[in-house]
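**Q** Below is the sequence, then the predicted model.
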Amino acid sequence: MSSVQKTDLELLYKAFKLDNLPIFQNMQQISIRKLFKILTTIELTDLPTIEAMNFYLYCNFFRNRLLYSEIFNHNLNYINLKSIELKQHIKNHLHKYDQMLKEAKSESDCTWIDNNIVILHDGLTALDSIPDRCDYYDNKVIKYLDSDFAKLNSTYLSNIQDECSKDFTHLSKLFLEVGRIIGREPL
């Protein structure tokens, strides 16, 4: 990506509307602006699982726009390392639930365990896909910037924003469910 593209991309993302996303810090919902400020002014440490998953998503989303910030670079490295621990933590819980399923006696217990296994698998798959998802939105926005048609069609950008918002809302809700299953303790 050229420096002109990066600048254009950053300017466009500043106008990007991603309101009311379920982003959490210390069990409180925060705005995307507050998250942006946190990622560029505070070094992340000891994140509980839900926050770690959300911050992993948004650090990857902002990675092509905030690399000028030394603190953001630190946070990106920190959260990428945490994502490895987080994935292992989820795998450990998957193993635990697989063992529980083998020992479960009632149908309701089996259903509950199966549901948790599905959520954990979905969470693990989602975490693995985050860098590609974020690149997907970058590529769509770059295509918008490079296209004369897109500039004339105001709904094109709105459609990208809507798709991104729905995708990130789904991921955030999934991460809440995964966090409910594996706990909130720092990794």
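**A** That came in fine, so what should we check first?

**Q** neighbours around residue 29, how many?
**A** When counting by other C-beta atoms under 10 Å, one arrives at 12 neighbours for residue 29. For every residue, glycine as well, the C-beta is placed using N, CA and C.

**Q** meant to ask about residue 161, not that
**A** Counted with other C-beta under 10 Å, residues neighbouring residue 161 total 17.

**Q** for residue 51, same thing?
**A** Other residues near residue 51 come to 23 when the count uses other C-beta under 10 Å.

**Q** contacting residues for residue 61?
**A** Residues in contact with residue 61 (C-beta atoms under 8 Å, 6 or more residues apart in numbering) are 134, 137, 168.

**Q** What of residue 43?
**A** Contact partners of residue 43, counting by C-beta under 8 Å, 6+ apart, are 71, 74, 75, 78.

**Q** Weed out the non-buried ones from those.
**A** Buried residues within these, counting neighbours by 16 or more other C-beta atoms under 10 Å: 75, 78.

**Q** for the contacts of residue 43, which one is nearest residue 156?
**A** Of all those, the one with the least separation from residue 156 (C-beta to C-beta) is residue 75, at 31.4 Å.

**Q** so the closest one sits right up against residue 37, yeah?
**A** No - taking contact to mean C-beta atoms under 8 Å, the distance of 11.9 Å between residue 75 and residue 37 leaves them out of contact.

**Q** Which of the three states applies to residue 105?
**A** Under the three-state scheme (DSSP: H, G, I helix; E, B strand; the rest coil), the conformation of residue 105 reads as coil.
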